[in-house]
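*Asks:* Just a sequence and a predicted model for now, questions to come.
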Amino acid sequence: MRLLRACVILLSVIAFCIVAATAVLVPTALITAKEVNYSLAVVQKIDVDALVTTVNDFTDEAGKTFTSVGSAVSVLEELDIDTLNKTIAQLKTAVESFSQVDITKLNEAIENLNDSVEPFANFFNKFN
């Protein structure tokens with residue numbers, strides 16, 4: 001009798017666990033099935049030909065870009081770095097010389113030149 005009660009209790013516990021697991025797993029399985037169906041519907045709506053065309057266009061553009069990059073690299077390889085560095089040094093020297101110009105004296109020299117040339121200009125305008 002005790003063994004029978006123990007078996008009944010054990011079977012009841014197992015049956016409860018099965019019912020509880022089913023109550024939890026079945027709704028989750030249904031939700032997962034709905035999501036899979038939705039995903040498949042989206043995949044079926046994809047226009048494969050348009051996608052292939054887009055990918056082909058992209059690869060063509062990428063090929064053109066790589067060709068352009070190759071051309072640019074060729075130009076850079078042909079560039080004489082020593083000459084470029086010398087030119088940059090000369091430009092630096094020129095900028096430094098230009099920055100040392102006294103603007104006030106330059107303006108005065110321009111004004112003096114204008115004062116000197118203006119009478120000649122007026123004189124020659126009389127013959128026009």
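*Replies:* That came in fine, so what should we check first? What you see is a predicted model, and the numbers here were worked out from it, not measured in a lab. Residues are numbered from 1 along each chain as shown.

*Asks:* When you work out contacts or count neighbours from here on, use the C-alpha atoms and nothing else.
*Replies:* Fine.

*Asks:* Find me the pLDDT at Ser12, would you?
*Replies:* Listed pLDDT for Ser12 reads 91.

*Asks:* Per the annotation, how does the protein divide into domains?
*Replies:* With automatic domain parsing as the criterion, the domains of the chain are listed as 1-46, 47-79, 80-128.

*Asks:* Take these and write them to TSV, including mean neighbour count.
*Replies:* As requested, the domains of the chain are exported to TSV (neighbours: other Cα atoms under 10 Å):
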stretch	mean neighbour count
domain 1-46	11
domain 47-79	11
domain 80-128	11
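
*Asks:* Can you list the low-confidence ranges for this structure?
*Replies:* Along the chain, the model assigns pLDDT under 70 to residues 128.

*Asks:* just the helices in it please.
*Replies:* Here the chain has its helices, by DSSP state H, at 2-45, 48-78, 81-99, 103-125.

*Asks:* Tell me which residues are up against the shortest one.
*Replies:* By Cα atoms under 8 Å, 6 or more residues apart in numbering, the list of residues contacting helix 81-99 from outside is empty.
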